[in-house]
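Participant: coords please:
(4 chains)
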2 protein chains.
Amino acid sequence: MANITDVARAAGVSISTVSYALSGKRPIAAETRGRIDQAVLDLGYRPNAGARMLAGSRTNIFALTAPMHEDTHPPALMAFVLSVVTAARSFDYDVLLLTEGEATSGLRRVASSSLVDGIIVLDVTTDDERVDVLRELALPTALIGVPSDTAGLTCVDLDFEAAARLAVSSLVEQGHTAIGLMGHADQLYNRGSNYAPRFRDAFLAAGAAAGISTAFHTTEASREGVEVSLDNLAAELPGMTAVVLNCNENVHGILLEVLRARDVAVPAKLSIISACSSFSTDHFLPPLDVIPLPSLVSGRRAVELVIEQLAGTHDPHVELIAPTYERKGSTAAPPRD
Amino acid sequence: MANITDVARAAGVSISTVSYALSGKRPIAAETRGRIDQAVLDLGYRPNAGARMLAGSRTNIFALTAPMHEDTHPPALMAFVLSVVTAARSFDYDVLLLTEGEATSGLRRVASSSLVDGIIVLDVTTDDERVDVLRELALPTALIGVPSDTAGLTCVDLDFEAAARLAVSSLVEQGHTAIGLMGHADQLYNRGSNYAPRFRDAFLAAGAAAGISTAFHTTEASREGVEVSLDNLAAELPGMTAVVLNCNENVHGILLEVLRARDVAVPAKLSIISACSSFSTDHFLPPLDVIPLPSLVSGRRAVELVIEQLAGTHDPHVELIAPTYERKGSTAAPPRD
DNA sequence: CTGAAAGCGCTTACAG
DNA sequence: CTGAAAGCGCTTACAG
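Facilitator: Residues are numbered from 1 along each chain as shown, chains lettered A, B, ... in the order given. Here you go, the predicted model:
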């Protein structure tokens, strides 16, 4: 493989000129630059990554810690991973994947061996064990998700509270006064997820503020679980005309199935909104109004926040992404009885 | 951050002795080694990754190219990714993730900058554009999946043909003589997937060899799609008493739903086998007999194959993993009419 | 606008 | 069993 000396020789310049020409860190005469570019092309030269890391102060690699626990929805995690990788590449950064098995030790390892310039953290829980390590490492870091103590950390996430309010207000505007919330499985609310309870609490608060009736139930991802959850909501909320879903994709499908079996037309009899969903709701029958979980935006923003830290001054802060509402036709005015 | 010179000074030895002590590449006096280990511990020393890459001939990084196209089942891809990362880590290798957007250019880039020691390739299609690049790069490589031309390549995959035969024989043994195959969506059979047609063809061949009736239909992942597929199979196969599923998780759930709605008891009226599935079938009602897609085994084996190439002599070859059958109670003898 | 040279932190022959 | 030193291929002050 050609190295910088080969290029310098071929272009008839010194290696420092080659280096500067490639980095753009000092002006190069057009004619010189032309000869260098040609030599690079001819030789298929690409700077050696290790030499660059050692000589420069950058590795051009980010670590992405993407744990996968029981509650993790794999497609959602995948969407975030791909979004982070794509965003990182657009800044000429590669992404090294760290998994659950090596969560904290992996972070220490890549940091202390100077393998990475920054860290992006996925699937953050309330009392995430990685958070303390991150503070101690003091590398540029962005978390996608919000732990309970955000001191000194930079976080980005969907504004789940605003999403809940948006779901409620959009239904209230259409005239609904009794709205149920089908939540995730039970354990998600106990095992340190931050977004599920955040959404639930804001949902209930928004309902109260609007003066309407609301109810919440966790939901197991099975036919029976969905029926139980739905029946519980209906029992607590006799006049329920709308359901907000903050749960996984399977539950969506099962619910629509159950409603069809029971001859409950959507949206004629029941309006449905899918909230904070990482998947498309277009394939459902009917397609569901959705407040998307913006994996693309979050991933890109997380990368940008790390780049900003790398660039210099940047104050740690929490950045919440405003929710958006996509109308697909699964909500309507409540039926008049 | 402490470097090797700091450790050498603290231990009262030369830096080469420190290096050899850590790599184990030459014998070190027990007492000397003790002083070095202590110094490493005291200083929290970890070798600089860039320096190692530059001085040594290894980077201890693998590239994992994991494209995500329309047909990709995200949970399956994620399972393979995690399995590869976990296996790589067990050999002290980190994994750099390359995505669809940069499939071939990314491979060239990481190879020519000497960023990685080897490449692991996921989701291989029949005429995968990455394959030619891999041949040209001549880096240690393992593909999970089998392209049409495997010359010079090392591949590992489930033996889909054997899996199809296993599904058929296990049903035939129970007395079934008319077995339907619900396949993936149409496009998967046209767009260069290798495993879907491989399974289908072996299934039909095994049926013919056993002297029983078989039929195959592609399946769209919707209630309607599943009903159409099921009805087509039943129409072609009047006495159908068993169905083999080689399709995604949603279709499994929908099919069981449809059968329940039609009062077709599983396995009393219809036996079901889930074949080459990347997901657990335990949560279905009933849990389904399954021939698993062994993501754990494939991922680990792919890593081992790259390590072997790194270690020295290794002839390119295709390695097929024998399928296994997990009985869950969704098959039985056909009903006697 | 360009070059000569130090130095990044390791690994590994070469020597003893 | 251990050490002195070359060298990996860059980046970046220092000089002109």
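
Participant: Which residues of the stretch 51-200 of chain A lie near DNA strand D?
Facilitator: The stretch 51-200 of chain A comes close to DNA strand D at residues A:51-52, A:54-57, as judged by Cβ under 7 Å from any atom of the strand. Glycine gets a C-beta too; all of them are placed from N, C-alpha and C.

Participant: A:Leu97 and B:His69: what is the separation?
Facilitator: 20 Å (Cβ to Cβ, to the nearest Å).

Participant: And these two? Which one has more around it.
Facilitator: A:Leu97 (24 against 12; other Cβ atoms under 10 Å in any protein chain shown).

Participant: contacting residues around that one?
Facilitator: Applying Cβ atoms under 8 Å, 6 or more residues apart in numbering or on different chains to A:Leu97 gives the contacts A:64, A:66, A:81, B:64, B:81, B:85, B:94-97.

Participant: So it: helix, strand or coil?
Facilitator: At A:Leu97 the chain is in strand, as set by DSSP: H, G, I helix; E, B strand; the rest coil.

Participant: where along the stretch 201-337 of chain A do the strands fall?
Facilitator: Counting by DSSP state E, counting those that start in this stretch, the stretch 201-337 of chain A has strands at residues A:213-217, A:242-245, A:271-277, A:289-292, A:318-321.

Participant: Nearest to A:Gln309, out of those?
Facilitator: strand A:318-321 (12.9 Å; Cβ to Cβ).

Participant: Next, the buried residues of the closest one.
Facilitator: Buried residues in strand A:318-321, counted by 16 or more other Cβ atoms under 10 Å in any protein chain shown: A:319, A:321.

Participant: cool, and stretch A:135-148?
Facilitator: A:137, A:139-147.

Participant: before we move on, what about stretch A:166-174?
Facilitator: Applying 16+ other Cβ under 10 Å to stretch A:166-174 flags A:166-168, A:170-172 as buried.

Participant: low-scoring pLDDT stretches of the stretch 151-300 of chain A, where are they?
Facilitator: For the stretch 151-300 of chain A, no stretch is flagged by pLDDT under 70.

Participant: Just want the residue of it that's nearest chain B.
Facilitator: Closest residue of the stretch 151-300 of chain A to chain B, Cβ to the nearest Cβ: A:Glu257 (5.7 Å).

Participant: got a list of what that residue touches?
Facilitator: A:223, B:223, B:254, B:257.

Participant: one more time with 7 Å
Facilitator: B:Glu257 (Cβ atoms under 7 Å, 6 or more residues apart in numbering or on different chains).

Participant: So it versus B:Val81, what's the distance?
Facilitator: 31 Å.

Participant: Over to A:Ala234?
Facilitator: From A:Ala234 across to B:Val81, the span is 41 Å (Cβ to Cβ).

Participant: higher neighbour count, these two?
Facilitator: For A:Ala234 and B:Val81, the more surrounded residue by other Cβ under 10 Å is B:Val81, and the numbers stand at 26 against 16.

Participant: Give the rounded mean pLDDT of the host helix or strand of that one.
Facilitator: In the assignment (DSSP states H and E), B:Val81 maps to helix B:74-90. Mean per-residue pLDDT for helix B:74-90: 94.

Participant: Sweet, I'm off.
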